[in-house]
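# prediction below, plus the sequence it came from.
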Amino acid sequence: MSTTLLIILVTVGISLAAWNNPALMDRWIMNPYRVASRGQYYRLITSGFLHADWSHLLFNMISLYFFGGFIEQVFDVLFPGSGALYLVGFYLIGILVSDIPSFLKHRNDPGYNALGASGGVSAVLFAAILFRPLMPISMFFIPIGIPGFIFGGLYLAYSYYEARRGYGTINHDAHFYGALFGILFMIVVYPAVLPQFIEQIAGWRLF
């Protein structure tokens with residue numbers, strides 16, 4: 001079984017358990033106020049295995065399935081024998097890093113909660129875009145894909161804009177900072193990916 005599939009199965013299992021156990025959901029959800037006042041820093045990680053509903057869960061896990069497998073292969077090549085460990089660490093740190101801005105912003109708000117694997121999934125997605133910027137990506141069941149580097153730019157701009165607005169229930173900060181972490185991590189561990197990325201998009205033509 002691939003490490004990506006194992007992460008998906010664990011996440012689905014924990015999300016289902018939390019839906020049927022409100023005490024577990026309350027104990028593991030990312031509540032910045034409780035993190036700050038009670039030192040429950042584990043919530044920055046455990047919240048990444050919880051989801052609000054089926055649509056939230058399926059969207060994240062389908063995205064992870066399609067892009068996580070490729071990044072798993074990348075890590076296997078870059079770190080022979082340790083690829084699985086790097087993938088798990090990369091994914092968990094992506095969740096952690098993406099939660100920090102929300103924690104700092106809402107640490108004095110007892111009523112704010114956040115959950116979901118979006119930060120980790122965004123890290124995986126943007127790491128994949130860095131290696132394959134021309135791969136077509138389609139979202140929300142749009143049949144026509146757009147090149148990954150264009151999709152990525154639009155995604156970052158939208159996430160940043162919505163995060164600054166602060167409306168709705170979606171944690172856009174997690175999307176934005178998870179994506180940035182994915183990009184920076186891959187550049188640090190494999191610097192050659194940046195000139196390769198530039199070379200690929202330099203040769204792209206619309207027609």
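Thanks, I have it. Computed from a predicted structure; not experimentally measured.
# low-scoring stretches of the protein, by residue?
By pLDDT under 70, the weakly predicted segments of the chain are 139-143, 166-170.
# now the helices: where do they sit in it?
Secondary structure of the chain by DSSP state H: the helices cover 3-19, 22-28, 32-38, 43-46, 54-78, 83-106, 118-131, 148-165, 172-189, 193-202.
# among those, which comes closest to residue 138?
Of all those, it is helix 148-165 that lies closest to residue 138, at 8.6 Å by Cβ to Cβ. C-beta here means a position set from N, CA and C on the backbone, and glycine is covered the same way.
# in the closest one, what's buried?
Neighbour counts over helix 148-165 (16 or more other Cβ atoms under 10 Å) mark 148, 149, 150, 151, 152, 155, 156, 159, 160, 162, 163 as buried.
# what's the answer for stretch 192-200, then?
Within stretch 192-200, the residues that count as buried by 16+ other Cβ under 10 Å are 193, 197, 200.
# other residues contacting that stretch?
Stretch 192-200 is contacted from outside by 130, 131, 132, 133, 134, 149, 186, 187, using Cβ atoms under 8 Å, 6 or more residues apart in numbering.
# show the buried residues in the residues you listed.
Of the members of these, the ones counted as buried by neighbours, 16+ other Cβ under 10 Å, are 130, 131, 132, 133, 149, 186.
# just send the buried residues of stretch 192-200 back as a markdown table, with distance to residue 103 too.
Formatted as a markdown table, the buried residues of stretch 192-200 follow (distance: Cβ to Cβ, whole Å):
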| residue | distance to residue 103 |
| --- | --- |
| 193 | 29 |
| 197 | 31 |
| 200 | 36 |
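# just give me the neighbour total for the residue nearest to residue 14 when sequence neighbours are not counted.
Distance criterion Cβ to Cβ, 6 or more residues apart in numbering; nearest residue to residue 14, sequence neighbours excluded, is residue 49 at 4.2 Å. With neighbours defined by other Cβ atoms under 10 Å, the count for residue 49 comes to 22.
# equivalent analysis for residue 52, please.
Per other Cβ under 10 Å, the neighbour tally for residue 52 reads 16.
# try residue 17
As a burial measure, residue 17 scores 14 neighbours (other Cβ under 10 Å).
# same check on residue 189?
By the measure other Cβ under 10 Å, the count of residues near residue 189 is 15.
# I'd assumed residue 82 was in contact with it.
No: with contacts defined as Cβ atoms under 8 Å, residue 189 does not count as touching residue 82, sitting 11.5 Å away.
# show me the contacts for the closest residue in space to residue 132 that isn't next to it in sequence.
Closest residue to residue 132 apart from its sequence neighbours, by Cβ to Cβ, 6+ apart: residue 148 at 6.2 Å. Listed by Cβ under 8 Å, 6+ apart, the contact set of residue 148 reads 128, 129, 132, 133, 134, 135, 136, 137.
# likewise for residue 38?
Counted by Cβ under 8 Å, 6+ apart, residue 38 has zero contacts.
# was I right about residue 108 contacting residue 34?
No: using Cβ under 8 Å, residue 108 is not in contact with residue 34; the gap is 11.7 Å.
# let me have the helices of the chain in TSV, adding distance to residue 112 as columns.
Below are the helices of the chain laid out as TSV (distance: least, Cβ to Cβ, whole Å):
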stretch	distance to residue 112
helix 3-19	18
helix 22-28	14
helix 32-38	6
helix 43-46	12
helix 54-78	17
helix 83-106	4
helix 118-131	16
helix 148-165	14
helix 172-189	12
helix 193-202	36
